[in-house]
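Student: what's the 3D shape of this:
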Amino acid sequence: MLRDVMGKTFRLLGYTIQYGCIAHCAFEYLGGIVVCSGPSMEPTIQNSDIVFSENLSRHFYCIQKGDIVIAKSPNDPKSNICKRVIGLEGDKVCISSPSDFRKSHSYVPKGHVWLEGDNLRNSTDSRCYGPVPYGLIRGRICFKLWKQSLWVPYRRVVLVPSWLSIFVLPPANRKNY
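Tutor: Numbering: from 1, shown residues only. Take a look at the predicted model:
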């Protein structure tokens, strides 16, 4: 009997480790779900929008101008940033803020990208900390899964995808059952 219990325990432990490794590889190399916070990417990505980030592009150097990426912050390696790729290595980019009268330009060095938020007046980006090493890019945003504004409370928080929101009654029209 003890042998059966120990056998089942070790089998369960083996499956747990195996599936844990598979999940880690999937999130590290394929992609994952990210909750974006902050106003720097408005109006494209709002505060608390949930997006899917795929990680294969960074491994195969397929990041292009115009892509929205998740990267490690050059100022704080423990946090991530969500920005748009404005320039790749060798590109000439404007390094001054939108309010500056005189515009200054620079070239993106080899192995780096130039990242900026869509909300230029409220974004800490490459204009502040310079070109970002390509190795800090964690993934490329593919699509939005949910918008924070479409979450509908009904006795508890319910996540509603934007394509399904036409079928959900607004909270004021619901009856309490």
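Student: From now on I want contacts and neighbour counts done on CA atoms only, so please keep to that.
Tutor: Will do.
Student: Just the helices from the protein, written as ranges.
Tutor: Assigned by DSSP state H, the helices in the chain fall at 2-25, 56-59, 126-129.
Student: closest one to residue 86 among these?
Tutor: helix 126-129 (9.5 Å; CA to CA).
Student: Work out the gap between that closest one and the centre of the chain.
Tutor: Chain-centre distance of helix 126-129: 19 Å, with CA atoms, centre = their mean, to the nearest Å.
Student: other SSEs contacting it?
Tutor: Contact here means 3 or more CA pairs under 8 Å, 6 or more residues apart in numbering; DSSP states H and E; on that basis helix 126-129 packs against strand 112-116.
Student: partner strands of the strand it packs on, parallel or antiparallel?
Tutor: As defined by DSSP bridges, the strand partners of strand 112-116 come to strand 80-87 (antiparallel), strand 132-133 (antiparallel).
Student: Now do that strand: distance to the chain's middle.
Tutor: Computed by CA atoms, centre = their mean, the separation of strand 112-116 from the middle of its chain amounts to 15 Å.
Student: Please put the alpha-carbon coordinates of the top strand by length along the chain into PDB.
Tutor: Scanning the chain for the strand with the most residues, using DSSP state E, yields strand 137-146. Output of strand 137-146 as PDB, limited to C-alpha atoms (Å, rounded to 0.1, in the frame of the first residue of the first chain):
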ATOM      1  CA  ILE A 137      13.100  42.900 -26.600                       C
ATOM      2  CA  ARG A 138      10.900  40.300 -25.100                       C
ATOM      3  CA  GLY A 139       8.200  39.900 -27.700                       C
ATOM      4  CA  ARG A 140       6.000  41.600 -30.400                       C
ATOM      5  CA  ILE A 141       2.400  42.400 -29.700                       C
ATOM      6  CA  CYS A 142       0.100  40.500 -32.100                       C
ATOM      7  CA  PHE A 143      -3.400  41.500 -31.100                       C
ATOM      8  CA  LYS A 144      -5.500  42.800 -28.200                       C
ATOM      9  CA  LEU A 145      -7.400  40.200 -26.300                       C
ATOM     10  CA  TRP A 146      -9.500  42.400 -24.100                       C
END
